[in-house]
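> After the sequence you'll find the predicted model.
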Amino acid sequence: MQGRLTTVAVPEIESEEVVEDNTPIEVGSDMVKMRVNTDLEDVTIGQGNNFTFYRNRIYTVPKWVYNHLDEKGLVWH
């Protein structure tokens, strides 16, 4: 629909130290754990959603954030 604006509440991103398993881990129906393969500072994913991710940390993120970063080749596999 043209001319309509929708806002989405983004869950808080959590981070933790790295473990050896590199596969995404589902955390509930809409969240996964993942890590990035490069530092990403102040990246915008979706309208108005700014994130910072650092290598060697595991983040719990919404699946849509994981999918976007994975499509760009930025998720550690």
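Great, that's in hand.
> make it CA atoms for all contacts and neighbour counts henceforth
Will do.
> can you pull out the strands in the chain?
Secondary structure of the chain (DSSP state E): strands at 14-17, 25-26, 31-34, 40-44, 50-53, 57-62.
> mind putting those strands in TSV, mean pLDDT included?
Listed next are the strands of the chain as TSV, based on pLDDT from 0 to 100:
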stretch	mean pLDDT
strand 14-17	64
strand 25-26	66
strand 31-34	92
strand 40-44	94
strand 50-53	94
strand 57-62	92
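> Show me the one of these that comes nearest residue 77.
Go through these one by one with Cα to Cα and the one that ends up closest to residue 77 is strand 31-34, at 9.2 Å.
> Now for residue 63, how many residues are close by?
18 (other Cα atoms under 10 Å).
> That one contacts residue 28, correct?
No: between residue 63 and residue 28 there is no contact under Cα atoms under 8 Å: 10.1 Å.
> returning to what we had before: so which of the strands of the chain gets nearest residue 70?
strand 31-34 (9.8 Å).
> Report all helices and strands that the closest one contacts.
Applying 3 or more Cα pairs under 8 Å, 6 or more residues apart in numbering; DSSP states H and E, we find strand 31-34 packed against strand 25-26, strand 57-62, helix 63-71.
> Can you name every helix or strand that the second one contacts?
Same thing as strand 57-62. Contact here means 3+ Cα pairs under 8 Å, 6+ apart; on that basis strand 57-62 packs against strand 14-17, strand 31-34.
> Need the pLDDT of the residue lying closest to residue 69 once chain neighbours are set aside.
Excluding the flanking residues, the one nearest residue 69 by Cα to Cα, 6 or more residues apart in numbering is residue 75, at 6.0 Å. pLDDT, residue 75: 94.
> Count the neighbours of residue 75 for me.
Neighbours of residue 75 (other Cα under 10 Å): 20.
> which residues does it bridge with?
Counting by DSSP bridges, residue 75 is bridged to residue 36.
> coming back round to it: could the strands of the chain go into TSV alongside distance to residue 70?
What follows is the strands of the chain, written out as TSV (distance: least, Cα to Cα, whole Å):
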stretch	distance to residue 70
strand 14-17	18
strand 25-26	14
strand 31-34	10
strand 40-44	13
strand 50-53	13
strand 57-62	12
